[in-house]
Structure formats: C-alpha cells, structure tokens
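>>> the sequence and its predicted three-dimensional model are supplied below.
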Amino acid sequence: QVQLVESGGGLVQPGVSLRLSCAASGRTFRTTAMGWFRQAPGKEREFVAALSWSGDSTYYADSVKGRFTISRDNAKNTVYLQMDSLKPEDTAVYYCVAAPGLVGRLPQNAAGYKYWGQGTQVTVFS
C-alpha cells in the first residue's frame with residue numbers, strides 16, 4: 001500500500017512559478033514510477049508528467065513540455081513538479097500518482113497508475 005500526499009498548490013498570477021510536492025509512504029518508493037495528472041473544471045483528467053523509478057526517464061504532455069519539470073528525491077520519498085511560466089489554462093486539481101515496480105514505457109493513461117493522491121488545487125488567474 002502506498003499513500004500519496006500532495007502539497008504546494010495555490011493561487012497565482014500568470015507567468016509565476018509553483019513547485020508541487022508529493023510525499024509517498026511505504027518502502028517501495030525507490031522502485032516506483034511516479035507521475036502527475038490534472039483535472040480542470042468540466043474537463044477530463046489528463047496526463048501531465050511521469051518519471052521512472054531510476055529518474056533516468058521522463059515524459060511530459062505537450063501542453064507543459066519546456067515549462068514543467070518532474071523530479072524525485074528518493075532519500076525523502078518525495079516527487080516534485082516544478083511549474084514555470086504558469087498560464088490560466090494550467091488551472092486544475094493536480095494529482096500525484098504512483099506505479100510500483102513499473103519498468104519500461106511510462107504510462108500516459110490513468111489506468112497505468114495504481115495509487116493516487118487526493119489532489120492539490122492550482123489556480124492561475126489574470
């Protein structure tokens with residue numbers, strides 16, 4: 001069982017940065033692929049970014065590529081999402097996800113991740 005707790009969301013203006021954190025419980029973090037999804041009001045949940053357990057492989061949605069960076073600190077059992085140059089269309093609830101033991105291609109679909117956090121709200125307003 002893995003529990004995920006997100007933090008770092010907030011209300012910001014366009015162009016600024018935020019860093020989301022996700023603290024994971026359990027002893028398997030070092031072998032767990034991690035990722036982020038988001039869901040905006042009235043829209044379907046969408047993939048944002050993913051990171052392999054080793055940290056060697058990352059994948060980003062086209063809409064955030066070049067602006068967002070996913071990273072992990074295995075010593076702290078924490079994954080981060082650095083979000084730069086935020087836009088109003090980035091407004092959403094952001095969910096941390098985990099796929100223990102995953103090897104190979106990083107999933108971009110929700111079904112590829114077994115564990116989900118409760119989400120943290122990010123609002124970008126003009």
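Now that the structure is in, tell me what you want to look at. Numbering: from 1, shown residues only.

>>> can you show me the strands along the chain?
Defined through DSSP state E, the strands belonging to the chain, from first to last, are 4-7, 10-12, 18-24, 32-39, 46-51, 58-60, 68-73, 78-83, 92-100, 115-116, 120-124.

>>> any chance of CSV for those strands, columns mean neighbour count and mean pLDDT?
Using the backbone N, CA and C atoms, a C-beta is placed for each residue, glycine as well. Written out in CSV, the entries for these read as follows (neighbours: other CB atoms under 10 Å; pLDDT from 0 to 100):
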stretch, mean neighbour count, mean pLDDT
strand 4-7, 18, 97
strand 10-12, 14, 97
strand 18-24, 20, 98
strand 32-39, 25, 96
strand 46-51, 23, 98
strand 58-60, 17, 97
strand 68-73, 18, 97
strand 78-83, 23, 98
strand 92-100, 22, 97
strand 115-116, 17, 96
strand 120-124, 18, 98
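
>>> need those strands in CSV (columns: distance to residue 107).
What follows is the strands of the chain, written out as CSV (distance: least, CB to CB, whole Å):
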stretch, distance to residue 107
strand 4-7, 16
strand 10-12, 28
strand 18-24, 17
strand 32-39, 8
strand 46-51, 7
strand 58-60, 9
strand 68-73, 14
strand 78-83, 15
strand 92-100, 7
strand 115-116, 13
strand 120-124, 21
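
>>> what's the closest of those strands to residue 109?
Counting by CB to CB, residue 109 lies closest to strand 46-51 out of the strands of the chain; the figure is 7.1 Å.

>>> angle of that closest one against strand 78-83?
120 degrees (axes from the mean of the first three to the mean of the last three CA atoms, to 10 degrees).

>>> for residue 126, see how far away the most centrally placed residue in the chain is.
The central residue of the chain, meaning the one whose C-alpha is nearest the mean C-alpha position (CA atoms, centre = their mean), is residue 36 at 2.3 Å. From residue 36 over to residue 126 the distance is 24 Å, taken as CB to CB, to the nearest Å.
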